[in-house]
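1. please find the sequence and the predicted model below.
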Amino acid sequence: MIDRIFGPLGLLAQKSNSYEYRPEQRNMAQALAKAFAQERFLIVEAGTGTGKTLAYLIPAVLSGKKVVVSTGTKTLQEQLFFSDIPFLQEKLDFGLLAILDSRLFTKSYAKAFWESLPPCPVVHDRQGIDLFFSSLKGR
């Protein structure tokens, strides 16, 4: 599946005129997909321009597992919110995506992000999160 998405003629190349095939990105995505499938830990280090964000987001979504993405900078957080996640939603239609960050209710950039989402349930505590994911188990 990863090759069909990240390959030179894969889904990313078909859906984005600006996509550039990067073997390192494909290799990272394959390693992450394998780690998710085997429920193993994986530490990856990759240089600038590798395409790390999509290389971890796509296997995460495909795994069907609960995934937490933590960013170290506002710049990367904004890249996720305003570029990478909307790309996945609009072009690839991979399904469920949950973002859990209390700053989304207090920061100025949050309003634009919330308005860009389709109607969806919003929960504010651990109990609500557990109930939300429990309701998906039968699907």
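-> Perfect, thanks for sending it. Numbering: from 1, shown residues only.
2. just checking, Met28 touches Leu57?
-> No: Met28 lies out of contact with Leu57 (Cβ atoms under 8 Å); the separation is 11.3 Å. For the C-beta atoms, the positions are set from N, CA and C on the backbone; glycine is no exception.
3. what's in contact with stretch 13-28?
-> The contact list for stretch 13-28 (Cβ atoms under 8 Å, 6 or more residues apart in numbering) reads 2-3, 6-8, 10, 12, 44, 46-47, 49-52, 54-56, 87, 91-92.
4. among those residues, which are in helices?
-> Ile2, Asp3, Phe6, Leu12, Lys52, Leu54, Ala55, Tyr56, Phe87 (DSSP state H).
5. would you mind checking those residues for buried ones?
-> For the ones in helices among the contacts of stretch 13-28, a neighbour count by 16 or more other Cβ atoms under 10 Å gives the buried set as Ile2, Phe6, Leu12, Lys52, Leu54, Ala55, Tyr56, Phe87.
6. out of those, who's nearest Leu32?
-> Tyr56 (5.6 Å; Cβ to Cβ).
7. pull the most distant pair out of the ones in helices among the contacts of stretch 13-28.
-> So, the ones in helices among the contacts of stretch 13-28 by Cβ to Cβ: farthest apart are Asp3 and Phe87, at 19.4 Å.
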